[in-house]
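Undergrad: build the 3D model from these lines:
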Amino acid sequence: PGENILEDGRIQIQQGEREYFLNGLATESTYEAVLEFGFGIDAARYTIGNIILEMIPDPLDTRDKYKQPFSQNSIWNTPIGGEARYVPAGFGPARAAAIDNDYWIVTQVTDPNDVLLNDEEEWLTHRCSGNDSTGVWTYVPYDLIVPDVNPPSTPNNSAAFLQPDDKTLIQCNALARCEAGGPVYGVPVWRDRVPFPNESIYGDGITGGHGGSLLSSIGGSIRRGELVSTEPIRHVLKVDIPCSTYAYPDSGGFRWPARKSDDCWEPSCEATSYHGTNPAVRMGALLAIPDPLPPWITPDSLYTHIGRKLFEALRSYGAYVADNSGWDCYYFCAEYGVHAEAEAYYGHSINTMLDTPYRQDVNRLFQWLHVVDNNIPESIGGPGDRIARQIVELVEEGQGDSSWVSPDRPRLSITKATADRITFMIQITEPCKGDLKVYGVDGRVAATIFTGRFASGQTDVAWDLRAHGHKIASGVYFAMLRTNRGTSTRRFIAVR
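TA: From the prediction side, this is the model:
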């Protein structure tokens, strides 16, 4: 820790009982260097000439299951495919932009275990009433309060209760609890009063409490800290659209991964309240900004930091239509608290009907959206190589600690580096298919070094630091080795 002059060779750093290493190569010019960063140092700084480098953990090498749940290949964690087929959604400007609050509630075994009550006839006018038991039980923190509705405002209030086993999710819609320790009201995830199986935080996480689609209550939600962070959002989003205007009524008004629309469960159902004319736009549609960008999509025209952050997420990961906004408004689904956090940080409202720069940005984003029309269970996000880097898998054996490493997991290291070439060493226990790619800090693919079959044992792969015929720009990069037996990542910096 502290400042260190980095010369040729390897620096060993002791931090508690753990050791970390930094491999480096000094060049004739102090402005050129290629470095391999080890894992796990939070505030170590190094100097090459007058260049100061800071070692930070790779945010995609680990993840917090509470912040980004579900499996690596869940619909909520899979980037858009390079062969996605984009169909213009045809959205026009809306009168308002807003946040649809999702509730994420982590429970303890000491919390009361309550049954959800529900009066389905009254949930649009008042929710904290009725004594009809749903038969669905969940642990609920004693001090949890979720206000009743105040018509015409009737928020969805989708909720996910993580049970004390740190794994099981109980989800519902229309959550309400008007006083601490009082009755808890909500519409469970069920059909014909038969509950769907509960989701696991380690599973695919598709089903949940969004009543218009039965999509997850927490998958795809913008989480606290994400809008105010300097890091990009690295997961799929959820949105609500004016379905009466844009959603197509045929095929029940929905498509995979949605299980239903507002009015219908069956694809043969015709009695929907939707009047859209685009067959691709239905409940459950995966929306995204196309890659590569058409010339008429100009991200530089976005006014706000939030708008630019949402643009990158929509381009790399997309957003599922999870609910009907019910009026001329576009909603992003977000964890309760994101709205207040973002408004306090940026000083402007993100729930607004005013002609503000933020609302103009949201309207631009929706007008740029296309439907990924070949998003199916066999090719989530569309076929082809992912256009952004995928997060690591959650490991249940480590109680959510994704830094656990299987002895069979492939290993990637950097053995030699010059100003013009870097050599990777790949160690694999058994022959397998996979690829070696380089990603920028924005999570997008900078270069594909190798795709094919890896032999067992040790393989050296050299790369000339070129992508698409040109030298890569200065900056931080991540080399990721990905196989069906796991992934391994190395961070390096190119300074030119």
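Undergrad: which helix or strand contains the residue lying closest to Tyr345 once chain neighbours are set aside?
TA: Distances taken as C-beta to C-beta, 6 or more residues apart in numbering put Val228 closest to Tyr345, at 4.5 Å, once the chain neighbours are dropped. In short, each C-beta sits where N, CA and C put it, glycine included. Take DSSP states H and E as the rule and Val228 turns out to sit in neither a helix nor a strand.
Undergrad: neighbours of Val228, how many?
TA: 15 (other C-beta atoms under 10 Å).
Undergrad: put the alpha carbons of stretch 100-114 into CSV.
TA: Extracted C-alpha coordinates of stretch 100-114, given in CSV (Å, rounded to 0.1, in the frame of the first residue of the first chain):
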residue,chain,number,x,y,z
ASP,A,100,-42.0,1.9,-10.8
ASN,A,101,-40.9,0.9,-7.3
ASP,A,102,-40.0,-2.7,-6.6
TYR,A,103,-39.4,-3.8,-3.0
TRP,A,104,-36.4,-5.9,-2.0
ILE,A,105,-36.8,-7.2,1.6
VAL,A,106,-34.2,-9.4,3.3
THR,A,107,-35.7,-11.2,6.2
GLN,A,108,-34.3,-12.8,9.4
VAL,A,109,-35.5,-15.9,11.3
THR,A,110,-36.4,-13.6,14.2
ASP,A,111,-38.9,-11.7,12.0
PRO,A,112,-42.6,-12.5,12.4
ASN,A,113,-44.0,-15.1,9.9
ASP,A,114,-47.2,-13.6,8.5
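Undergrad: may I see the buried residues of that stretch?
TA: The neighbour-count check on stretch 100-114 (16 or more other C-beta atoms under 10 Å) flags Asp100, Asn101, Asp102, Tyr103, Trp104, Ile105, Thr107, Asp111, Asp114 as buried.
Undergrad: with adjacent residues omitted, what lies nearest to the third one?
TA: I take that to be Asp102. Ser221 (4.4 Å).
Undergrad: distance of that neighbour relative to Arg466?
TA: 39 Å (C-beta to C-beta, to the nearest Å).
Undergrad: nearest to Glu378, of the buried residues of stretch 100-114?
TA: Asp102 (28.1 Å; C-beta to C-beta).
Undergrad: which residues does that closest one contact?
TA: Ser158, Ala159, Ala160, Ser217, Ile218, Ser221, Cys333, Ala334, Glu335, Tyr336 (C-beta atoms under 8 Å, 6 or more residues apart in numbering).
Undergrad: counting neighbours, which of those residues comes out on top?
TA: Busiest of the contacts of Asp102 [other C-beta under 10 Å] is Ser217, holding 33 neighbours.
Undergrad: got phi/psi on it?
TA: Here is the backbone geometry of Ser217 (degrees, to the nearest 10): phi -70, psi -20.
Undergrad: so where do the strands sit in the stretch 251-400 of the chain?
TA: For the stretch 251-400 of the chain, applying DSSP state E, counting those that start in this stretch gives strands covering 286-288, 319-324, 329-335, 370-372.
Undergrad: strands paired with the last one, and their directions?
TA: Strand 370-372 has the following sheet partners, assigned by DSSP bridges: strand 86-88 (antiparallel), strand 286-288 (antiparallel).
Undergrad: give me the distance from that strand to the chain's centre.
TA: Relative to its chain's centre, strand 370-372 lies at 17 Å (C-alpha atoms, centre = their mean, to the nearest Å).
Undergrad: over to the first one?
TA: Strand 286-288 sits 13 Å away from the centroid of its parent chain (C-alpha atoms, centre = their mean).
Undergrad: so where's the chain shaky on pLDDT?
TA: Residue ranges of the chain with pLDDT under 70: 1-62, 120-123, 271, 397-409, 441-443, 484-485, 495-496.
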